[in-house]
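K.L.:
Have a look at this fold, sequence not included:
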Ligand SMILES: Cc1cc2nc3c(=O)[nH]c(=O)nc-3n(C[C@H](O)[C@H](O)[C@H](O)COP(=O)(O)OP(=O)(O)OC[C@H]3O[C@@H](n4cnc5c(N)ncnc54)[C@H](O)[C@@H]3O)c2cc1C
């Protein structure tokens, strides 16, 4: 019997992590990767660094153009998967081809949610999801006097940060009471808002855009729900993302907020796996089902899917929140169970200095560190992340960890005491 044919839809974090995991185990099984986007292989995390001019166009690349040849992968770039027949084990492609698969990985990521308000088709209105969007936004900056970003989540805040670095007068509109509602608590969000305001950014929370106004097909302003009209010539829509699942219609694959997978990244349909922004996994702390649309999760899930597709049964320990960004030079991170529900018995230890600003909130379940919210002082974010993910704090108690940044030396001494080395 010949080797199994692995077909992967999507050539980004999850898809390429799967390729690399398969190749570690099996050097020559046939792999085909299908990507709606043409070369180059780029990272979405780099888009706002390109817009800010911190990196050039090539700075967004995550692999060179020879990657597929080296990995012995057939790369069908600029080709979309349009339908899947799970009985015949075939994927229909936009180029007319029908591709047979033994294992199919859905690593198709997510797209920007465009709110159902008038005017979203005007010139000067862009999502910020692809390298094409980034070049469009970059090109629109010189002729814009003022820009607005709708949505102050991770993507929106990074766009605001890039605009501020380019010296563009910018407003951010967020319908929730504070910025970064899914990755910051009110204390750290207030610090971020203060940092943004001191850099000249206008922050408007608890406000919803109701209409985008145009002149000759070009955006000229936004009407908000109070009726107020604000003038802008460039708008970035960052109101959330949703999974790319249209080609899975009629497959019987179970979909809730994302494609439901088990610990082996298997969907409800035999031979079909899913990983990354498109997949709904289980949060390792709460046990709740989540779509955790972040880069490290896409890498982890892609790797697990690839190993299982290659026949190495590997279970995923569950997904973990890990949001890190920089707001006008101030780093902010939320890791693990950073915002526990009241009444679940967690111990919260906080140290805060509004002037610098710095904030260190650690969440413990008994002696076990389970979450961290950090603003400003970041040196031990990696150490804390490790302790949270592995659920090992060695002999370090909340009293060791909570007051200030800890160093690797402290950790190594604690490992020694715990008899682990
Ligand atoms: C501007 C921006 C900044 C970000 N910053 C951060 C950050 O700082 N930290 C962080 O952790 N995360 C960040 N993210 C999120 C991170 O980029 C995503 O979590 C990650 O890219 C998900 O990887 P993925 O492989 O699951 O999907 P994606 O990267 O979305 O890739 C999916 C690929 O599949 C393709 N595709 C879709 N449908 C089809 C189809 N039918 N046929 C063929 N191909 C298809 C898509 O075109 C795309 O190329 C950011 C995202 C954006 C947009």
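P.N.:
Great, that's in hand. Small disclaimer: the values here were computed from a predicted structure and weren't measured.
K.L.:
Which element, helix or strand, includes residue 18?
P.N.:
Per DSSP states H and E: residue 18 is located in helix 13-25.
K.L.:
same for that helix, what does it pack against?
P.N.:
strand 6-9, strand 31-35, strand 103-106, helix 295-309 (3 or more CB pairs under 8 Å, 6 or more residues apart in numbering; DSSP states H and E). C-beta coordinates here come from the backbone N, C-alpha and C atoms, glycine included.
K.L.:
tell me the average confidence for the next helix or strand after the last one?
P.N.:
Right, the one you point to is helix 295-309. Counting by DSSP H and E, the next helix or strand C-terminal to helix 295-309 is strand 322-327. When pLDDT is averaged over strand 322-327, the result is 93.
K.L.:
Name the strands paired with strand 322-327 and say parallel or antiparallel.
P.N.:
strand 330-336 (antiparallel) (DSSP bridges).
K.L.:
And residue 182, its phi and psi?
P.N.:
Phi and psi for residue 182, reported as degrees, to the nearest 10, are phi -90, psi 0.
K.L.:
re the thing from before, need the helices and strands packed on helix 13-25 in a markdown table with mean neighbour count and mean pLDDT, can you?
P.N.:
Converted to a markdown table, the helices and strands packed on helix 13-25 look like this (neighbours: other CB atoms under 10 Å; pLDDT from 0 to 100):
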| stretch | mean neighbour count | mean pLDDT |
| --- | --- | --- |
| strand 6-9 | 29 | 98 |
| strand 31-35 | 24 | 98 |
| strand 103-106 | 29 | 98 |
| helix 295-309 | 25 | 97 |
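K.L.:
To the ligand, which of these lies closest?
P.N.:
helix 295-309 (3.5 Å; CB to the nearest ligand atom).
K.L.:
Stretch 106-122 and the ligand in contact?
P.N.:
Yes - counting by CB under 6 Å from any ligand atom, contacts between stretch 106-122 and the ligand involve 107, 108, 109, 110.
K.L.:
thought the first one was touching residue 278?
P.N.:
Meaning residue 107. Yes - taking CB atoms under 8 Å as the definition, residue 107 is a contact partner of residue 278 at 6.8 Å.
K.L.:
out of these two, which sits in the busier spot?
P.N.:
A side-by-side neighbour count of residue 107 and residue 278, using other CB atoms under 10 Å, places residue 107 first with 33 against 27.
K.L.:
The ligand versus the residue positioned nearest the centre of the chain, what's the distance?
P.N.:
For the chain, residue 294 is the residue whose C-alpha lies nearest the centre (CA atoms, centre = their mean; 2.5 Å). Distance, residue 294 to the ligand, using CB to the nearest ligand atom, to the nearest Å: 3 Å.
K.L.:
In contact with that residue, which residues are there?
P.N.:
Going by CB atoms under 8 Å, 6 or more residues apart in numbering, residue 294 touches 154, 321, 322, 323.
K.L.:
quick one: contacts for the last one?
P.N.:
What it means is residue 323. Going by CB under 8 Å, 6+ apart, residue 323 touches 154, 180, 182, 183, 294, 332, 333, 334, 335.
K.L.:
Mind checking which of these are buried?
P.N.:
154, 180, 183, 294, 332, 333, 334, 335 (16 or more other CB atoms under 10 Å).
K.L.:
Next one, pLDDT for the third one please.
P.N.:
Put plainly, it is residue 183. Here the pLDDT value assigned to residue 183 is 96.
K.L.:
Name whatever forms a beta bridge with the closest residue to it other than its chain neighbours.
P.N.:
Of all residues not flanking residue 183 in the chain, residue 323 sits nearest, at 3.8 Å (CB to CB, 6 or more residues apart in numbering). As for beta bridges, residue 323 partners with residue 334 under DSSP bridges.
K.L.:
sorry, back to before: and of the contacts of residue 323, the nearest to residue 231?
P.N.:
Nearest to residue 231 among the contacts of residue 323 is residue 180, at 25.8 Å by CB to CB.
K.L.:
what mean pLDDT does the helix holding residue 18 have?
P.N.:
98.
K.L.:
what's next to that helix, contact-wise?
P.N.:
Identification of contacts with helix 13-25 by CB under 8 Å, 6+ apart yields 6, 8-9, 29, 31, 33, 35, 41, 43, 62-63, 71-73, 105, 107, 109, 275-279, 295, 298-307, 309-312.
K.L.:
please redo it, this time with the cut-off set to 6 Å
P.N.:
With contact meaning CB atoms under 6 Å, 6 or more residues apart in numbering, helix 13-25 is reached by 8, 33, 71, 73, 105, 107, 275-276, 295, 298-299, 301-303, 305-307, 310, 312.
K.L.:
quick one: that helix to helix 295-309, angle?
P.N.:
Helix 13-25 runs at 40 degrees relative to helix 295-309, counting by axes from the mean of the first three to the mean of the last three CA atoms, to 10 degrees.
K.L.:
And helix 13-25, what's buried?
P.N.:
For helix 13-25, by 16+ other CB under 10 Å, it's 13, 14, 15, 16, 17, 18, 19, 21, 22, 23.
K.L.:
count of neighbours near residue 121?
P.N.:
Per other CB under 10 Å, the neighbour tally for residue 121 reads 11.
K.L.:
Would you mind measuring from the one residue in the stretch 1-150 of the chain that gets nearest to the ligand to residue 54?
P.N.:
For the stretch 1-150 of the chain, the residue closest to the ligand is residue 109, as judged by CB to the nearest ligand atom, at 1.9 Å. Relative to residue 54, residue 109 is positioned 23 Å away (criterion: CB to CB, to the nearest Å).
K.L.:
Which one's more surrounded, these two?
P.N.:
Neighbour tally, residue 109 and residue 54, criterion other CB under 10 Å: the higher count belongs to residue 109, 26 against 12.
K.L.:
which residues touch that one?
P.N.:
Counting by CB under 6 Å, 6+ apart, residue 109 has contacts 10, 12, 244, 276, 277, 278.
K.L.:
ok, and the most crowded of those residues?
P.N.:
Busiest of these [other CB under 10 Å] is residue 276, holding 35 neighbours.
K.L.:
what's the closest non-adjacent residue to that one?
P.N.:
Using CB to CB, 6+ apart and skipping the chain neighbours, the partner closest in space to residue 276 is residue 14 (3.0 Å).
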